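Asker: Sequence and predicted structure below; questions after.
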Amino acid sequence: MTRLKLLASLVLMGMPVWAFAHPGHSGGLLAGASHPLGGLDHLLAMIAVGLWAAQQAGSARWALPCTFLMAMLVGGGLGFAGIALPGLETGIAASVLALGLAVALALRPALAPAILITAAFALCHGMAHGLELPAMASAWSYAVGFIAATALLHAFGYALVRWLPQAVAPLVRLAGVGAAIAGGYLLMA
């Protein structure tokens with residue numbers, strides 16, 4: 001078995017375990033920071049935002065990640081208040097699919113629709129984070145944790161596109177295809 005097939009097999013076998021972040025992390029800042037890292041759905045969407053932003057031109061490069069962070073914070077506040085959209089996990093899975101496709105196709109929509117789509121997906125992710133605030137944890141420190149981790153994931157995705165040689169560009173699109181496939185899997189799960 002080639003290394004690529006082995007790696008792909010291991011990733012696919014682990015997906016059900018990684019699919020959704022769950023409560024139960026230790027409280028506060030670390031719990032907030034670990035939540036975006038603890039679920040493959042969150043991890044892929046947040047890296048994809050950075051990848052997609054780096055594929056853009058002009059102000060969209062910073063507007064998409066900043067929009068995601070702000071809308072996620074609003075969603076977190078709604079989640080802290082116990083408010084959730086119906087089909088929240090479906091919205092999160094759809095975000096992985098859609099953002100993966102946006103990266104795979106290197107889409108460059110007009111700024112306003114890109115911001116609206118990014119904000120809608122971020123609201124879902126934020127609500128999920130907010131709803132899973134651990135008991136006895138400070139909502140403020142938890143929010144700082146998930147915002148900081150998300151910003152780092154965005155920066156990671158952005159850096160991959162902007163600082164790697166152009167010869168690697170097809171791999172970025174391939175990563176988008178992988179995220180889209182994972183999103184489709186999560187939608188079917």
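Answerer: Now that the structure is in, tell me what you want to look at.
Asker: Let me know whether A104 touches R173 as I believe.
Answerer: Yes: under the contact definition of C-beta atoms under 8 Å, A104 touches R173, with a separation of 5.1 Å. Placement of C-beta: from N, CA and C, glycine included.
Asker: Report the buried residues of the strand or helix carrying V74.
Answerer: Using DSSP states H and E, V74 sits within helix 60-80. Buried residues in helix 60-80, counted by 16 or more other C-beta atoms under 10 Å: 60-61, 63-69, 71-73, 75-76, 78-80.
Asker: Compare neighbour counts for A104 and R173 and give me the winner.
Answerer: A104 (21 against 15; other C-beta atoms under 10 Å).
Asker: so who does the closest residue to that one other than its chain neighbours touch?
Answerer: Leaving aside its sequence neighbours, A104 sits nearest to G176 (C-beta to C-beta, 6 or more residues apart in numbering; 3.3 Å). Applying C-beta atoms under 8 Å, 6 or more residues apart in numbering to G176 gives the contacts 48, 51, 99-105.
Asker: Out of those, name the ones that lie in strands.
Answerer: Using DSSP state E, no member of those sits in strands.
Asker: Next one: the closest residue in space to L101 that isn't next to it in sequence relative to A94, how far apart?
Answerer: Closest residue to L101 apart from its sequence neighbours, by C-beta to C-beta, 6+ apart: A180 at 4.8 Å. As judged by C-beta to C-beta, to the nearest Å, A180 and A94 stand 11 Å apart.
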